[in-house]
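> pasting the sequence and the predicted model now:
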Amino acid sequence: MPEVLTAEEWQAVALSLRVSFWATLLSLPLGIFVAYALARWEFWGRQVLNGLVHLPLILPPVVTGYLLLLTFGRRGYVGQFLDQWFGIVLAFRWTGAALAAAVMAFPLMVRAIRLAIEAVDPKLEQAAGTLGASRGWVFLTVTLPLILPGIVAGAILAFAKAMGEFGATITFVSNIPGQTQTLPSAIYAFLQVPGGEAQAFRLVLVAIVVAMGALLLSEWVSRAVARRIAGG
Amino acid sequence: MTLEVALFHRFGGFTLEAGFEAPAGVTALFGRSGSGKSTVINAVAGLLRPERGRIAVEGQVVLDSAAGRMVPAHLRRMGYVFQDGRLFPHLTVRQNLLYGRWFAPKGPGVPFERIVDLLGIGALLGRRPGGLSGGEKQRVAIGRAILSNPRLLLMDEPLAALDEARKAEILPYLERLRDELSLPILYVSHSVAEVARLATTVVLLDSGRVVAAGPVGEVLADPGVAPAMGLREAGAVITARMAAQEADGLSRLDHAGGAIYLPRVAAPVGAALRLRILARDVMLAVERPTGLSALNILAGVVEEVRAGEGPGALVRVRVGEEALLARITQRSARALELAPGRAVFAVLKAVSVAQADVGGPSAGAVRDFPASDGIV
């Protein structure tokens, strides 16, 4: 049986999966928190936060990548701090790719979760309060289960977005095979080389399969949850 | 228990300034929509912070704005039954019922099985709220509130969202709760019929103020209060004891004012029955009427005559320990020289009885007996 993917291609796919996985997982708690704050709290600077969250969606990805480089690069304020105190270097590492992917996917994740939170009737949470549940318990036992479909949808959307992230990633962490060469970067690289179309095409197929898989999975999960809630 | 409430709250041009005490039993907070009932009950529950006020349950202060004290809702232990049920859609009926148990202090509460049995929801335990009927949802909501082991049960028009058939289905359960659990209830309603049937104490709110408060029999028989309730619905509540089942199919009930005959009531001898007598169904006579088809004639003494704005007048008649309310014309009042102290006979054209605690809820508990002995 011929190899489906070469080692180099497989490396790019595996890296993309790893980057997307961690980007999604680590931004999820913050995403839920920000979505909750935007949906439920009235506070000074709410619109500013909203704008900030959505900025990566409307900025050219190159700009986002460059801003990340300025901030988290070895000479950036945060980058220097992380390097000196924790020995964490993000620029030109796969961790940097995960950061870039997380930032780019964040608005999609927050949007999906925020919609789910806004659909929860606050009266249910009030009722839970009269039954003795403190705010934290109300969130864990009522709000969280009810927004679970939104969280799953947001996470899958963010994962798919992270898999496809290109502009900010290549600007921030470049395109180093085995280090920062994600699936889209690899496709781009193959297309720059004469005769690389076949390799690029195989990766394109992988990208399509992953994207479709993510979509179907999110559909299936939200339906399963809806059925569970509606069922007598 | 006693619940002490004193509130001052303003919002959107409306001022609520209400104070009352609720003894044990069912206290009905009664008034038209917009009279401030919901504001009061939400303040008691802790869902609303009034501008000023003091609320105490059994002497324990849960709100004292002067001292800057406000116990948050989840620590107040007030079971709240909302008009719209508010069951958790992601939990089964059983999980909904047990939700409050998690947070309730450990101790002797009402056993789960007893409540499930009392409310007739045993068959629903495994289901989710999405598939329940309105009446079933409301019964589960009531059970959920009680099982959170509250000090006080708050009910905000729990029947308002239901049609007549569903109301009739739930009322008997509420009566059983009132009679079998020693849980005090604050019951918000704008239905005189519900108040007459369930309440032991009535607090009447009008435009944010308490206009009357007291035992249900006294408030409902107060001619000064009746107009605020709506004249069509005005009427007193009296309690009579089941005396005997007569051979002709009637039941005889004993009351201090005389015997009351009703088409067969399925209650054991000695049972106390709550009778509601609308003011418009009471005629007054200064001598015991004879040659009249009416069976139910109670002897009493006029206590108060109050002329209405139109040609009508409301008369309160003391009958034994209790009082009846009669709505007659001012012309008749003058002709009969009705004044406080005058002995009269009240002819009852119709009596309705709620006999829920007798036949059991499944037996279609409410039976109204319009014109039990024929219109006179």
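Done, it's in. Numbering: from 1, shown residues only, chains lettered A, B, ... in the order given.

> around chain B, pick out the residues from chain A.
Residues of chain A that fall close to chain B, judged by Cβ under 8 Å from any Cβ of the partner chain: A:121, A:123-124, A:126-135, A:137-138, A:141-142, A:145-146, A:228-232. All C-beta atoms are positioned from the backbone trio N, CA, C, and that covers glycine.

> put the buried members of these into a ChimeraX selection.
Buried members of the residues of chain A next to chain B, defined by 16 or more other Cβ atoms under 10 Å in any protein chain shown, are picked up in ChimeraX with:
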select /A:124,126,127,128,129,130,131,132,133,137,138,141,142,145,146,229
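
> mind checking which of the residues of chain A next to chain B land in helices?
A:123-124, A:126-130, A:135, A:137-138, A:145-146, A:228-230 (DSSP state H).

> quick one: pLDDT of B:Pro361?
Note on B:Pro361: pLDDT of 34.

> give me the phi and psi for B:Met70.
Note on B:Met70: backbone dihedrals following degrees, to the nearest 10 are phi -140, psi 110.

> nearest residue to it in space, ignoring adjacent ones along the chain?
B:Leu63 (5.4 Å; Cβ to Cβ, 6 or more residues apart in numbering or on different chains).

> how many neighbours does the one you found have?
The tally of other residues near B:Leu63 (other Cβ atoms under 10 Å in any protein chain shown) stands at 22.

> what sits against residue 52?
Unless you meant another one, I'm taking chain A. By Cβ atoms under 8 Å, 6 or more residues apart in numbering or on different chains, no residues touch A:Leu52.

> to clarify, I was referring to chain B.
Taking Cβ under 8 Å, 6+ apart as the criterion, B:Arg52 is in contact with B:7-9, B:65-66.

> which phi and psi does it have?
Dihedral angles for B:Arg52 - degrees, to the nearest 10 - are phi -140, psi 160.

> how about B:Ala285?
B:Ala285 has phi and psi values of phi -140, psi 150 when expressed as degrees, to the nearest 10.

> tell me the pLDDT at it?
At B:Ala285, pLDDT is 92.

> and if you look at the one 10 residues further on?
Predicted confidence (pLDDT) for B:Leu295: 88.

> pLDDT weak spots in chain A?
Residues of chain A that meet the criterion pLDDT under 70 lie in A:1-3, A:229-232.

> helices of that one, residue ranges please.
Applying DSSP H to chain A gives helices spanning A:7-40, A:46-58, A:61-72, A:77-86, A:94-119, A:122-130, A:135-138, A:144-164, A:167-173, A:183-192, A:197-230.

> do you know which of these lies nearest B:Ala236?
B:Ala236 sits nearest to helix A:122-130 of all the helices of chain A, at 34.6 Å, using Cβ to Cβ.

> what helices or strands is that closest one leaning on?
helix A:135-138, helix B:73-76, strand B:78-81 (3 or more Cβ pairs under 8 Å, 6 or more residues apart in numbering or on different chains; DSSP states H and E).

> return the most buried member of those.
Per residue and on average, the most neighbours among the helices and strands packed on helix A:122-130 fall to strand B:78-81, with a mean of 28 (mean count of other Cβ atoms under 10 Å in any protein chain shown).

> ok, it near chain A or not?
Yes: residues of strand B:78-81 contacting chain A under Cβ under 8 Å from any Cβ: B:78-80.

> follow-up on the earlier one: okay if I get the helices and strands packed on helix A:122-130 as a markdown table plus distance to B:His190?
Shown next, in a markdown table, are the helices and strands packed on helix A:122-130 (distance: least, Cβ to Cβ, whole Å):
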| stretch | distance to B:His190 |
| --- | --- |
| helix A:135-138 | 30 |
| helix B:73-76 | 24 |
| strand B:78-81 | 16 |
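
> nearest to chain A: which residue in chain B?
B:Gly131 (2.4 Å; Cβ to the nearest Cβ).

> pLDDT on stretch B:32-47, on average?
89.

> ditto for stretch B:208-219
Per-residue pLDDT values over stretch B:208-219 give a mean of 88.

> quick check on the most far-flung residue of chain B relative to its centre: phi, psi?
The centre of chain B is farthest from one residue, B:Gly291, which by Cα atoms, centre = their mean lies 36.8 Å away. The phi and psi values for B:Gly291, taken as degrees, to the nearest 10, are phi 60, psi 40.
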